[in-house]
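>>> give me a model of this one.
(4 chains)
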There are 4 protein chains.
Amino acid sequence: MKRARVGIINVTGYVGVELARLLHQHPEVELTSVTGRSAAGQKLSAVFPHLASIDLTIEPELGEVDLAFSAMPHKESAVVIVPLLKSGIKVIDASADFRLKDAAEYEHRYNVTHPAPELLKQSVYGLPELHRPEITSAQLVSIPGCYPTGAILALAPVVKGGLIEPEVIVDSKSGTSGAGRAPTQGTHYSEVNEDITAYALEGHRHLPEITQELKQLRPRQPLSVTFVPHLTPMTRGILTTCYATLSPGKIPPNERGREELRELFQDFYKDKPFVRIAETSPHTKHTWGSNMCLIYPTIAPDTGRLVIISCLDNLVKGAAGGGVQNMNIMLGLPEVTGLQAPAVYP
Amino acid sequence: MKRARVGIINVTGYVGVELARLLHQHPEVELTSVTGRSAAGQKLSAVFPHLASIDLTIEPELGEVDLAFSAMPHKESAVVIVPLLKSGIKVIDASADFRLKDAAEYEHRYNVTHPAPELLKQSVYGLPELHRPEITSAQLVSIPGCYPTGAILALAPVVKGGLIEPEVIVDSKSGTSGAGRAPTQGTHYSEVNEDITAYALEGHRHLPEITQELKQLRPRQPLSVTFVPHLTPMTRGILTTCYATLSPGKIPPNERGREELRELFQDFYKDKPFVRIAETSPHTKHTWGSNMCLIYPTIAPDTGRLVIISCLDNLVKGAAGGGVQNMNIMLGLPEVTGLQAPAVYP
Amino acid sequence: MKRARVGIINVTGYVGVELARLLHQHPEVELTSVTGRSAAGQKLSAVFPHLASIDLTIEPELGEVDLAFSAMPHKESAVVIVPLLKSGIKVIDASADFRLKDAAEYEHRYNVTHPAPELLKQSVYGLPELHRPEITSAQLVSIPGCYPTGAILALAPVVKGGLIEPEVIVDSKSGTSGAGRAPTQGTHYSEVNEDITAYALEGHRHLPEITQELKQLRPRQPLSVTFVPHLTPMTRGILTTCYATLSPGKIPPNERGREELRELFQDFYKDKPFVRIAETSPHTKHTWGSNMCLIYPTIAPDTGRLVIISCLDNLVKGAAGGGVQNMNIMLGLPEVTGLQAPAVYP
Amino acid sequence: MKRARVGIINVTGYVGVELARLLHQHPEVELTSVTGRSAAGQKLSAVFPHLASIDLTIEPELGEVDLAFSAMPHKESAVVIVPLLKSGIKVIDASADFRLKDAAEYEHRYNVTHPAPELLKQSVYGLPELHRPEITSAQLVSIPGCYPTGAILALAPVVKGGLIEPEVIVDSKSGTSGAGRAPTQGTHYSEVNEDITAYALEGHRHLPEITQELKQLRPRQPLSVTFVPHLTPMTRGILTTCYATLSPGKIPPNERGREELRELFQDFYKDKPFVRIAETSPHTKHTWGSNMCLIYPTIAPDTGRLVIISCLDNLVKGAAGGGVQNMNIMLGLPEVTGLQAPAVYP
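Reported below is the predicted structural model:
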């Protein structure tokens, strides 16, 4: 069988280049075209020496492909995607343009007019652990944000099960690669090293994604998520610590409850190859370079409060790897194809 | 006036050596004696080349001093302190031995028998922002834990003011120096770099300190603190993010509420030289090497929940610097003496 | 064809666990047995959660295998290897026991009696770029040290070509994983972060390896290598900067000379899949997790002196990956099998 | 006596802000004016929260001062300095404009026309360890580059003593703060972390400074310095490793020679408060935040070659601290005033 031809629009950011790394190693597709604006005309390997084994030139326009990833910034991404869809190409979008089903919410959060709100209905929120059936037949899939991936996977089992009170805290700690490759004061080594700070305290754009997806799991259940992201001195990795109060009479706040909780999570994710329920408090390092999301649910002994921790590599499971996982499903390939490399440790 | 002679018991850990750095630069006391076990007999500067300007030999036993710091591990610290107190020396203890007023709680948390429970009544919890009057006349002061320092200072104004509901989340992110100088698997560079993990999920020893001090501020108010510490790839610094629900009818969950909150904090700490209410989300880097604790209270726009962030250098304000601040008060010196160096940035 | 069964002795160090990661992903061999002392009886995935996909228990003794890697410390390694060789098993040794052909030099440098000097003749120095033919038929191959791998590959073309004067400087900068997984004061995060230091100024054990191999390339040419290793705040990676004076009348110290040099290196390594001559000054980051060694030769414009830089991942090309490359050759597999993953960047 | 009023032109870079930190703590001068372009009108503490204790507004133009530091970029610095000198103000320049005595060399290296070559004669190269007498009476002092400071101090004793052959290697490893505060691709956290690279292989601008100063120490001695700087994952610190061949018949290449070397260095720097001859291989960490330069000379046991290592904090001794040291001398204050804080370790 001929391998599907795959392209990457805007390969020069961290998500784009990580897609190139994963797709190049993928045994069932062929990376045939990559685009970039400022770097157009250069060899991919000249800009990214670690990809010297890929013999592609960065082009101004996408060549002929069967499936395209867009790693364009939001708003611009929808604009380049519209004609691709019209010509029948499958598209996986790494931007925020098709994550939120509510165009008004998108416009409020991103402070732009949505370039293609008519596509919101057909686009699928590409979290395979929740939406595998829709992804199978989708033409347009939107890769979830890196924070939402970790937060939603951590909370889905207990929200779905109706096991918690509405007030939820999501405290996330992220490495700097999530902020993108363009240099800024906030990602300068001298500023990030030996520093932790909370940011987006006026409201982070990823919050409505988290809420949208969790609410779908139990629509009538009220839910109020407070989300605070933190920038930490790492390149890759997000650790998310979720806090909630257990609803009375369901899971007991003790050792037996911890066991029940564990079983609930194992059951919820039993056929999901990229979620593993960790045996002990997980480390972001254990996901470095891999597509795995580790989840550890527990109950605080002193207060009986629910604490759920998730870890992932924001550029893999939280972006490019999640994208390839969607691609596998869209192309009818085994979900794990090309994504089974363990984390690189230490 | 003759300068007070000050000594450090167990100078060879990170708290001990940081005390040496601060006391050496202190204009009103003289560091005259330092002890250590394994390193006894060596010059202090041979073990710690950055202290080459201090001409002291590490001794097996403390010389004659007016005030002693103990940087011994818990349990052992109380043992060495008892005879010092009997001979009339003022003592500042960096261990956990005299932090908790309830000996049973101490014995439960640290899994040892308290060596000197009779001293718990006279010892003072050395957080000058809350206990300055008692510290002034104390002979034995206990330096608070590094996590409690940040958590208590962040929450004190709203607990005291009765402004929050009982359920409080304290999510702390710490550098590795808090784990001490002895090498362990968990502090190996290759394990810590590019990693974040939550730990002590079975209950951290610092939690009862936090609860003890906050409860004293409003004894009848129920309070249930869930505390999760995280290890992050930094050497120094703790950033603590506290979450609570505002009690209805007090502080409005809007911009005006944010202003009121800010004023409340500024008022609460108006005479406290080492707490500053930050104008924007604070960075641990802004406290590196300094005795300052930065606090930033705000209200999450999407949920109206209270979020309070504090930052400090765990070895300075969270240990040695806090100790020197206590010393200044005990010796009748201006509280800020020898502690005014700004953070070293970047 | 049945896949060869491969085992790892002492899987619990950083080289052992990296071998497990690479061998698990290898399509032509099967990792069937791993041993360890302190961790014997535990699941490999319990000790190393990133290897959860490997279903092996750490055993006290090696099971039946066709080829064994030893990741034991020096001296102990030779002891476990002797009986394996007798029973006809192929062995690849990651320790220093069979690197130096001169037992007296080994005993001087490592300050132990060589446990099996009779094997030195048959053992092969496992640098495939120099010794591929001997490796093909070897039963015992010794993986070069991490520093020698980078230094020898950088200098081999110019030594072989007789292009430099005898006095050579090798200045290496290494991450901490090369120091092993056991925690020490020198690898404590708080000590390594924000620090660089030179070490082994009294003479590093890897120096005679560098000299042994370079001298073989041009036995009559005098050679005097000064080698200074530095510890730097990274987990993985060695960058080696070599300095030498060009012999007169061969390569001109100008732009044309730079071109000639480049061609010389490209020619020398033209069939070597894991050496790439970089187009610009290389970064250790461009080798992270990969088996590639990048080399960049140039001539300092101000002095005409030769400067050659090499980069590699000390745990891959400098240890486990180099070992797997040897295994491929010993088993008659394509040299690159299982080793083609690009570096993980950023 | 009235304290001298001191100002900083362009306080918003890393050298400027470090000057502010040091001058604010200085007991004998008063920081009265700071300028900046983009940040003009803002409180200094709003831009740099760690300097909250300094109550100054960033101004577009310098106020009335007795001495000014310029932290402007090269070329622009000379332009702002000319009128200050005319009005009789003492000036200390942190730029490269007055470091090289040869205007043609400056113009070649920096690729600009020198704005004030007529001042080169009166300006003094502000390395107090070599030029204290001229600094005492100078009106214009130029702070040496960060790399030259470490390299010159390391090599001065042996060059002056005529103890080495002409060919010298200077291999420097620097943190990122030396590259300035403006964000660039090369200082992005995700690029710098877990990376080391050599740069400026086409010739670094600091090389002629090194040569200029060393040649002055022994004008007839030929000298050929190859200098390769490396960027390492640290914020502060430069470690420089210098290699040279000992001239025959002077210092023996053995333990006695090491002792003689050590005495030579101790003697050379015996009255220099900010150079210390280290007892063991020094760490950049031992200089973090301090004005100390540590030097460790030794002889490689295998080759008898001279190896000299120096460490300093590039923002203190290598820039702002060196500047304050010059100021003290220019103002007739004790050289160490305001500069005695030990390094912050760990």
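>>> next up, the contacts around residue A:181.
Applying C-beta atoms under 8 Å, 6 or more residues apart in numbering or on different chains to residue A:181 gives the contacts A:12-14, A:17, C:346, D:185, D:188, D:190. Backbone N, C-alpha and C define where each C-beta goes, glycine included.
>>> and stretch A:37-55, what's its mean pLDDT?
On average, the pLDDT along stretch A:37-55 is 96.
>>> name the residues of it that are buried.
Applying a neighbour-count criterion of 16 or more other C-beta atoms under 10 Å in any protein chain shown, one finds A:39, A:43-45, A:48-52, A:54 buried in stretch A:37-55.
>>> how about the contacts of residue A:181 in a markdown table, adding distance to chain B, secondary structure and neighbour count?
As requested, those are exported to a markdown table (distance: C-beta to the nearest C-beta, whole Å; DSSP: H, G, I helix; E, B strand; the rest coil; neighbours: other C-beta atoms under 10 Å in any protein chain shown):
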| residue | distance to chain B | secondary structure | neighbour count |
| --- | --- | --- | --- |
| A:12 | 23 | coil | 23 |
| A:13 | 20 | coil | 20 |
| A:14 | 15 | helix | 25 |
| A:17 | 18 | helix | 25 |
| C:346 | 11 | coil | 27 |
| D:185 | 18 | helix | 10 |
| D:188 | 14 | strand | 26 |
| D:190 | 11 | helix | 27 |
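>>> where does pLDDT dip in the stretch 201-346 of chain A?
Applying pLDDT under 70 to the stretch 201-346 of chain A flags no residue at all.
>>> so which bits of it are right by chain D?
For the stretch 201-346 of chain A, the residues in contact with chain D (C-beta under 8 Å from any C-beta of the partner chain) are A:233-235.
>>> ok, back up a step: which among the buried residues of stretch A:37-55 are in contact with chain C?
Among these, chain C is touched by A:48-52, A:54 when using C-beta under 8 Å from any C-beta.
>>> am I right that residue A:166 sits in a strand?
Yes: Residue A:166: assigned to a strand according to DSSP: H, G, I helix; E, B strand; the rest coil.
>>> name the nearest residue to it, sequence neighbours excluded.
Leaving aside its sequence neighbours, residue A:166 sits nearest to residue A:222 (C-beta to C-beta, 6 or more residues apart in numbering or on different chains; 4.3 Å).
>>> can you show me the helices along the stretch 101-250 of chain A?
Here the stretch 101-250 of chain A has its helices, by DSSP state H, counting those that start in this stretch, at A:103-110, A:128-136, A:146-160, A:189-192, A:207-217.
>>> ranges for the strands of the stretch 1-150 of chain A?
A:4-9, A:29-35, A:58-59, A:67-70, A:90-93, A:124-125, A:140-142 (DSSP state E, counting those that start in this stretch).
>>> identify the residues contacting the residue lying closest to residue A:333 once chain neighbours are set aside.
Among residues not flanking residue A:333 along the chain, residue A:28 sits closest, at 5.2 Å (C-beta to C-beta, 6+ apart). Residues counted as contacts of residue A:28 (C-beta under 8 Å, 6+ apart) are A:3-4, A:328, A:331, A:333, A:337-338.
>>> can you check residue A:169 too?
By C-beta under 8 Å, 6+ apart, the contact set of residue A:169 is A:225-226, A:228, A:242-244, B:169, B:171, B:243, B:305.
>>> now it: how far from residue D:33?
46 Å (C-beta to C-beta, to the nearest Å).
>>> near chain C, which residues of the stretch 201-346 of chain A? Just list them.
Within the stretch 201-346 of chain A, the residues that sit near chain C (C-beta under 8 Å from any C-beta) are A:235-236, A:276, A:278-280, A:282-283, A:285-290, A:292, A:294, A:340-346.
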